[in-house]
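Student: Just the structure for this:
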Amino acid sequence: MSIRTVTVYAASSQALNPVYVDAAARLGTVVARQGYRVVYGGGGHGLMGAMADAALTAGGQVHGIIPEFLTRVEQGHQALTSLEVVADMRTRKARMLEGSDAVIALPGGCGTFEELFEAMTLKRLGQFLGPIVLINTSEYYRKLLDFLRHSVAEHFMNQTHLDMWQTVTEPEAVPEALEQARPWSARTALESAAVHRRR
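Tutor: Numbers count the residues shown, from 1 in each chain. The predicted structure is shown next:
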C-alpha cells in the first residue's frame, strides 16, 4: 500500500513530560522527511503543536482541521500549510479520516482515545482500511494494549482484530510499521467483525 497522507492523533496538553514532546517532534520530522502529507487536529499546543512545528520545519505539508467553537479559545496553528475550520467535533473527526491512508496515534487523553477507537471501529467494519500505528512512548499505551488483549480473551473481539494496529516505541519506526502492516480488506473486516460462540 502506498502511503501519501497520514492522520495524526495527539494531545494538546501543555503540562506533559518533555519525553512526550520530544517524541511528537521527532514524529513530525520523520513523516515530513518520508514525504507524507499530515492531517491533524489543527492545534498549536502540546504534542499537536510539537509534531506540526517539526513537520513544517522539515519541509512537510501539514493540514489542520479545527472545530469552529475551539477557535474562540485558540485560533489554531497559524503557520500550517492549510487550516480548515469545520462546524463541530464530529465533522472534524470525519474530515480527518477522509482520504487518509493511515492513522498514527501519539499519546493523548480522552479525545485521542475517542479518535483512535473510532478509527479502529471503522477498520473492524471495513470502512477504513489503512494501517493504524500507536507510538508507545514510555509505555504510555501498555495498559490500553493489555486491555484490548483482555477484550479478545473475553470474546468481545476476535483474535484477528489484534492485527488492526501496530505498536512502535520510537517515532523513527513508524514508516517501516506503515509499510509492513498486514493487508486489511473490506472482506477481511466483514468476515471477522462478528464474534461467534465457541464450539
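Student: Pull out the buried positions in whichever helix or strand Ala55 is part of.
Tutor: Using DSSP states H and E, the element containing Ala55 is helix 46-57. Buried residues in helix 46-57, counted by 16 or more other Cβ atoms under 10 Å: Gly46, Leu47, Met48, Gly49, Ala50, Met51, Ala52, Asp53, Ala54, Ala55, Leu56. Glycine gets a C-beta too; all of them are placed from N, C-alpha and C.
Student: Next, format these as CSV and append distance to Val8 and pLDDT.
Tutor: Below are the buried residues of helix 46-57 laid out as CSV (distance: Cβ to Cβ, whole Å; pLDDT from 0 to 100):
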residue, distance to Val8, pLDDT
Gly46, 12, 95
Leu47, 9, 97
Met48, 8, 97
Gly49, 12, 96
Ala50, 11, 97
Met51, 6, 98
Ala52, 9, 98
Asp53, 13, 98
Ala54, 11, 98
Ala55, 9, 98
Leu56, 13, 98
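Student: and which of those is nearest Val195?
Tutor: Leu47 (33.7 Å; Cβ to Cβ).
Student: re earlier: what comes into contact with the helix or strand following the helix holding Ala55?
Tutor: Going down the chain from helix 46-57, the next helix or strand is strand 62-67, by DSSP H and E. For strand 62-67, contacts defined as Cβ atoms under 8 Å, 6 or more residues apart in numbering pick out 37-43, 52, 55-56, 76-77, 80-89, 91-92, 95-96.
Student: so the helix holding Ala55 versus strand 62-67, what angle?
Tutor: 150 degrees (axes from the mean of the first three to the mean of the last three Cα atoms, to 10 degrees).
Student: can you list contacts of helix 46-57?
Tutor: 8, 10-14, 16, 20-22, 24-29, 31-32, 38, 40-44, 62, 64, 77, 79-81, 106-108.
Student: Buried subset of the residues you listed, written for PyMOL?
Tutor: In PyMOL, a selection of the buried entries from the contacts of helix 46-57 looks like this (16+ other Cβ under 10 Å):
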select buried, resi 8+10+11+12+16+20+21+24+25+26+27+28+29+31+32+38+40+41+42+43+44+62+64+77+80+106+107+108
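Student: Narrow the contacts of helix 46-57 to those in strands?
Tutor: Members of the contacts of helix 46-57 lying in strands (criterion: DSSP state E): Val8, Val38, Tyr40, Val62, Gly64.
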